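# just coords:
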């Protein structure tokens, strides 16, 4: 939710505006997934035609209370305003069509918000954060919508609410900085099934962030939950667990060293495209770590995969 050029409080895992002090020092790529309270990931709207828009309008006219179709139409209209209008040769007609679609989308979203649709709240909050729909960026409006959706059980909105409370007004959070509230919302989001929130909770407890005491057992519990749900957007917990299991046992409550399990976790994260784990795989095959045979070919392949993603140690390797 930026003011000026500051980035919105999206799913930054350790870089940008949110620093969870992860064990790797290179910033993580932000993502901003959303989903309904059931926690099923909503499919991204990546294509649109005027025929689709007309069909959705007909469906809504037949059933005005169909909130799912209404939200889909709003999202399609926004995409159409960004893409389809580019093919209209006349500047005046292009502008008029874009404004018409944006206005219709905004009207539909406001209707859904009035019906307490949490997905619409989340989407409209993003619009305020990005200045979409012709709206001026408004961190306060965005935070209010995130919090309303979060209170109604929207996991991704609970995560955004936590981020807003963590970064505070000066960094575009739209509310005052409050580490305790941030912690409460992160935990709420994690409990609701939000994978990045589970990872964040693990790092909070592992590092003693947001004024919390270090608790290795709870940290590992949250990281394992996040690792069970790992995908290409959320491989981070796999990597952090691998680091923990590959390190010597340092204190009570820390995990027992298990190189075999650690290697499995690094490999899983690397296969998901996580560049820091790919670098670890490159090291493993270069130096024969994890009882692996030394293999320059395998090492170069993994280093190359990470280097393509600008993992600097791999570029040097």
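Received the coordinates, thanks. As the structure is a prediction and not an experimental result, all values here were calculated from the model.

# can you map out the helices along the protein?
Remark: helices assigned in the chain by DSSP state H are 50-62, 67-83, 91-114, 118-130, 139-151, 155-167, 179-191, 195-207, 216-228, 236-246, 259-271, 275-287, 296-308, 312-316.

# how about residue 64, what does it touch?
The contact partners of residue 64, taken as CB atoms under 8 Å, 6 or more residues apart in numbering, number zero. In this view, the C-beta of every residue, glycine as well, is placed from N, C-alpha and C.

# residues making contact with the helix or strand of the chain with the lowest mean pLDDT?
Ranking every helix and strand in the chain by mean pLDDT, DSSP states H and E puts helix 312-316 at the bottom, with a mean of 91. Helix 312-316 has contacts (CB under 8 Å, 6+ apart) with 26, 275, 278, 279, 282, 302, 303, 304, 305, 306, 307.

# ok, the second one - contacts?
By CB under 8 Å, 6+ apart, the contact set of residue 275 is 305, 306, 309, 310, 311, 314.

# from the middle of its chain, how far away would stretch 56-73 be?
Distance of stretch 56-73 from its chain centroid, counting by CA atoms, centre = their mean, to the nearest Å, is 28 Å.

# end-to-end on that stretch?
Stretch 56-73 has an end-to-end distance of 6 Å (CA to CA, to the nearest Å).

# ignoring the adjacent residues along the chain, who's closest to residue 159?
residue 189 (4.1 Å; CB to CB, 6 or more residues apart in numbering).

# I should have written residue 310 there, sorry.
Leaving aside its sequence neighbours, residue 310 sits nearest to residue 275 (CB to CB, 6+ apart; 7.8 Å).

# next one: residue 295
With CB to CB, 6+ apart as the criterion, residue 295 has its nearest non-adjacent residue at 4.6 Å, and that residue is residue 285.

# do residue 57 as well
residue 73 is the one closest to residue 57 (CB to CB, 6+ apart), at 6.7 Å.
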